[in-house]
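J.: Following is a predicted model, sequence given first.
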Amino acid sequence: MTISKLLVANRGEIAARVLRTARVKGIKTAVLRHSSEQEGPAHLIADEVVTIEGSTPVAAYLDIAQIVEAAQRIGADAVHPGYGFLSENAAFVAALEKAGITFVGPTSEVIDLMGDKIRARAFVEERGFPVAPSAIEDDDPATFVERSRTVGYPLLIKPSAGGGGKGMRVVREDGALEAEIDTARREGERYFGDGRLFVERYIERPRHIEVQVMGDGQGNVVHFWERECSIQRRFQKIIEETPSPALTAEQRDEICETAAGIARAVNYRGAGTVEFIYAQDGSFYFLEMNTRLQVEHPVTEMVTGFDLVAEQLRIAAGEGLSAAQADIAQNGHSIELRICAEDATQDFRPAIGDILLLDEPRGEGVRVDSGILDGGKVTTDFDPMLSKLIVHGRNRAEAIARAREAVQNYVILGVTTNTGYLDAILAHPDFASGDVSTGFLAEQADTLTAPGEDVSDLLMAAAALSDERLVSDVMQIPEMHRKMGGWRN
Amino acid sequence: MRRIYQIDGEETECWLSHDGRSMILNTPDGAIPCQLDAAEAPGGYTLRVRGRTYDMRVAVGPDATFVHLNGQTFAIGRVDPAERLAGNDGGAVDDRIVAPMPGVVVSVNAKAGDQVKEGQPLLVIESMKLETSLTAPRDGVIAEIPFAAGDSFGLKATLAQLAPEEE
Amino acid sequence: MRRIESQIDTNAPDFKANHAAMSERLKEFHARQHATRFERPQRDIDRLARQNKLGVRERLKLLLDPGTPFLEFSTLAACREYDGAVPGAAVVTGIGIVQGREVAIHANDASVKGGAWYPHTVKKIVRLLDVALENRLPVIHICDSAGGFLPLQHGVFPDRYLGGRVFRNQVKLSQANIPQIAVVGGHCTAGGAYVPTLSDYNIIIEGTGAIFLGGPPLVKAATGEEVGVQELGGAVMHTSVSGTGDYRAATEQHAFSLAREIVSQWKRTPKTIIETATFEEPYYDPKELYGIIPKDRKTQFDMREVLARIVDGSRFHEYQPDYGTTMICGFAHIWGYKVGILANNGVLFNDSSLKAAHFMQLCNQNRTPLVFFQNITGYMVGREYEERGIAKDGAKMLMAQGGSVVPKFTVIANASYGAGNYGMCGRAWDARTLFMWPQAEIGVMGADQAANTMADVKIRQLQREGKELTEEEIAAIRDPVLEKFRQDVEAYTSTSELWDDGILDPADTRNALGMSISASLNAPIDDPHYGIFRL
């Protein structure tokens, strides 16, 4: 089958990103827009914009019935879910299947399996892939606490239904275990309506390394090498890069082959990411598999030269993979920075405001996947990520230099963003040497948000001189009196 | 006029003057001659201060000015000291609701001890063939509403009294 | 216009000696002004703080546009009265800039005797309101006064130019469509109640401001009624019940912010247009004036050297440079404004008087404001000059001067004696502003001359009684008279009595004139017309 009309069931930068490739492939395109939502780049690219309604904008993007109905109404034969929202929702996939619409992604069974961390882990472990020592409450709730103890400390408690770091707790000593389990359960119930837990060994100073995989659903699976995403704040990735500075060639092959093996084991279809926790001693354990395109996929595209969305669309259309493993090589180095509307000096409080001036960086090796337009408005309706800045260099040092130059020249005025914070991370010597872990941002929090050189008089001068009322008030003073200044006789 | 600028939570009162040659930024710390010229880039300006030039981008929002300088973005909160005082227009709020004219109480919607919000209707009166709703002048607790529906009252009668605000 | 070529050698011993003497005088002058403005007994400062009031200088700061000049009048008024206990006559007046507009300001200084009105206070306020009327300047009154100072009520209340004149002038201002705002930051009792009520707009500061014809004690005495300040005349009552007050301000800051907002509502009336040029600082340093003004008043100096340190670019177009040379006449610019200057370079003779009269008519015809620089000991006396008609030539000069329709400004730069003061636009002749330099003197004649005249009368009387006087006895008669005269002619006496609008540091003259001329152009200039010139 071929895809003639694609509905992108998403918004922001990823919708624009997917639409661009679809358009290049000659596919008719449509994208969603909530009735209260600002116009974004995606709405300008898509052939058609479908208005959706909901009690909140997010609720509209999660409304399976409404979106399936919209897809049918406009005659879309495929839906790309982007990431987030319904991208890993098996019910959505099932509803589309029922409606005869192709879901650009894996089967609902695979989504179901990988969406449940406990089942996914058991599946991976059974097939001989490395997982961290752990205890799953569901296996035998009565012995959960005892089994947790055998995992060894430090350990990490996670809600089975969780994600995004919510409800996770580190326990370093036996005395605190039971109390922390109780707290984690309450949080799980509150956030996910599901208090089931599991614990696993907590790796000290771990790195987060993940592997991009792609399968055709016909048993063929390739990997597009790894990405390192250790620069995280509260389990949210901030900066991603590839190749990982931590891996030797052998380790790289090993971890990538492991990921491909896991994908093969589920006869994976589409784009997926297998995430590992990587210990300082070189050992690594399966963390989870994300059955969708990742936010950070562009760094993979930059070093491999493949358009992963194009691959997704090929696979969805039944055309299979465009390349064999041997054709996929890493060239140079790529880094992605997530530009977010948040105030790093105010505990990363989400920022809102009107985008008064937007001037995105351009140039060799610089790519911006942006979800905003000049004159737009940033609200708290959605995730604070505004865009992604991706750079490519011949090596890591060049990539860092380019990333710094680009992020410094990323002009977004009107809403506070984390560009200064991102630059501070890039400038940190430990980042330059690659000596980081997922705890890096927390450990360096004070250094990274330390105020720079005091330029407040320059800022005040700029603010005052651009302040029309202030200037006109001065200019309405007769020239002679202005010139006399504060003279007193 | 003056402005209060807020940078990283620090407030500075500033004003501009002009000595016939250049603008001067005045702060409590001193006077700085300065000049801002438009440059080519969108929102681009060149600031000249103390013999040095700085390329910057500037955008003026409703409450803050945003500046991109040396690769960093800054938000400078902008407050008109007069607007800060504007909340005081009419002076301090009275604790009493005084009858604007003689009339009859139509209904009473609150009672002593009630916590009320500013603007919340407390009672409706009728006077000169018009019904008027009298509202709480501020958030607070009702100390007394001495009239009931049907009662008549004279000019300047205290129709409701709020408990004094605690400092 | 050509630049005046200065002949001054700033390294000459004379210059240095003069400079040192003037610097010494100015040190004292600035110290006295500073004390008058800022130094108050601690108890008065404490009282204001207790009353939750700002001082008058802080109030001005809140009112005026930041970074703009304020021309203060008669800072040292009453400095030789009331044992010096009423600095500035308990009131601040001047011309300042609010929202880009020139306004006249009358502000009670409650740190002095609670802002009570002394005779000199009234004189200073009336003068300010005269300035406002003549120049059509809006007035901002900052009211905070305990009322008339009762022990001196006869000097405050009954006469034509006393208390009632304040209110009369307010009425005249209103009649002339000149707006007034009163900020009530203290009590306005009895007559004082009319300052805000005769103003177009008034603002009462809640808690401190009050307006009533009779305060609580007077009400109690008169009717037995017991009533508090706030009920009787507070901000709430007046703004919500009586309608006497327009705006109720929660704080001083709020009050002055409201006043500024009100000013910004006023339409801008176009100013009178006169000839102007681009500003140019004087080519010669104004501070050199200190070395030019002789330390001995009797020493003659060339007034052109003074002009060269005041006018734009030190440029001067001299009229009749070779005729009547004791009277310098010519055109110059001050802060860009074209002015006609009359400056004394000696005694007034027939020719110099005629030259001055003619020059003033030229200026009136051309709508050129006049600036007088006085250093005048009088019109020449003696048979020859009387025969030549010095009195009728002097009369022509007075007729031309007094009949001038253009704004006039006077600087008493050194001596101002006798009828020369009249011809050169002394206080009685409606100069829009009149300032004195600190070493200058004013009187019917010089102190020595006057003392000798007085002593001679006495000595001759004693001689007629057959008394022979020794040198010592003569000195004993003359010296006390001389001492008194020396005091009486001093600038400090003049300024204490408000015969001028203030003493100026000579280096400030240019700015004071610039502000005065600019203010004067808010009023129209009439067509020239004169009385009868005695030909």
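T.: Yes, it's here.
J.: Every contact and neighbour count from this point should use C-alpha atoms.
T.: Noted.
J.: tell me the contacts of the residue in the stretch 1-150 of chain C that chain A sits nearest to?
T.: The minimum distance from the stretch 1-150 of chain C to chain A, using Cα to the nearest Cα, falls at C:Gly100 (3.9 Å). Taking Cα atoms under 8 Å, 6 or more residues apart in numbering or on different chains as the contact definition, C:Gly100 lies against A:473-474, A:476-478, C:65.
J.: Where is the longest helix in the chain?
T.: Answering for chain A, as no chain was given. Secondary structure of chain A read by DSSP state H shows that its longest helix is helix A:174-192.
J.: The intended chain is chain C.
T.: helix C:13-38.
J.: Quick one: mean pLDDT for that helix?
T.: In this model, helix C:13-38 carries a mean pLDDT of 97.
J.: Determine the set of other helices and strands touching it.
T.: Helices and strands touching helix C:13-38, by 3 or more Cα pairs under 8 Å, 6 or more residues apart in numbering or on different chains; DSSP states H and E, are helix C:289-292.
J.: what residues does the helix it packs on touch?
T.: Taking Cα under 8 Å, 6+ apart as the rule, helix C:289-292 contacts C:8, C:10, C:14-20, C:22-23, C:301, C:305-306, C:309, C:506-507.
J.: helix or strand right after it?
T.: helix C:303-307 (DSSP states H and E).
J.: Can you give the contact residues for that next one?
T.: Against helix C:303-307 from outside (Cα under 8 Å, 6+ apart): C:4, C:6-8, C:289, C:292, C:314, C:328, C:343-345.
J.: now swap in stretch B:101-121 and tell me
T.: Counting by Cα under 8 Å, 6+ apart, B:122-128, B:133-145, B:147-156 sit against stretch B:101-121.
J.: ok, now with 7 Å
T.: Here stretch B:101-121 makes contact (Cα atoms under 7 Å, 6 or more residues apart in numbering or on different chains) with B:122-127, B:133-145, B:148-156.
J.: still on that earlier bit, what's the mean pLDDT across the longest helix of chain A?
T.: 85.
J.: Same question for stretch C:129-141.
T.: For stretch C:129-141, the per-residue pLDDT averages 98.
J.: Same question for stretch C:302-317.
T.: So the average pLDDT for stretch C:302-317 ends up being 98.
J.: I'd like to know which elements the host helix or strand of C:Lys61 is packed against.
T.: C:Lys61 belongs to helix C:56-63 when assigned by DSSP H and E. If you count contacts as 3 or more Cα pairs under 7 Å, 6 or more residues apart in numbering or on different chains; DSSP states H and E, helix C:56-63 packs onto helix C:252-265.
J.: relative orientation of the helix it packs on and helix C:56-63 in degrees?
T.: 50 degrees (axes from the mean of the first three to the mean of the last three Cα atoms, to 10 degrees).
J.: What lies in contact with stretch C:325-339?
T.: So stretch C:325-339 is contacted by A:480, C:275-279, C:311-312, C:315-319, C:340-348, C:352, C:356, C:359, C:368-371, C:510, C:514 (Cα under 7 Å, 6+ apart).
J.: Show the buried residues in those.
T.: The neighbour-count criterion (16 or more other Cα atoms under 10 Å in any protein chain shown) marks A:480, C:279, C:311-312, C:315-319, C:340-348, C:352, C:356, C:359, C:368-371, C:510, C:514 among these as buried.
J.: ok, back up a step: in the longest helix of chain C, what counts as buried?
T.: For helix C:13-38, by 16+ other Cα under 10 Å, it's C:15-19, C:21-23, C:25-26, C:29, C:32-33, C:36-37.
J.: now do stretch B:136-153
T.: In stretch B:136-153, counting by 16+ other Cα under 10 Å, buried: B:136-138, B:140-145, B:147, B:152-153.
J.: Would you tell me whether it gets close to chain C?
T.: No. Judged by Cα under 7 Å from any Cα of the partner chain, stretch B:136-153 and chain C are separated, with a smallest distance of 14.4 Å.
J.: Flag every residue of chain C that's near chain A.
T.: C:67-72, C:99-101, C:335, C:504, C:508.
J.: With respect to chain B, which of these is nearest?
T.: For those, the nearest to chain B is C:Gly67 (5.7 Å; Cα to the nearest Cα).
J.: how about that closest one, what does it touch?
T.: Counted by Cα under 7 Å, 6+ apart, C:Gly67 has contacts A:485-486, B:17.
J.: does it count as helix, strand or coil?
T.: coil (DSSP: H, G, I helix; E, B strand; the rest coil).
J.: Show me the domain layout of chain B.
T.: B:3-84, B:96-162 (automatic domain parsing).
J.: Repeat that for chain C.
T.: If you go by automatic domain parsing, chain C breaks into C:41-263, C:286-444+C:490-520, C:447-488.
J.: Out of the ones you listed, which gets the lowest mean score?
T.: domain C:447-488 (a mean of 86).
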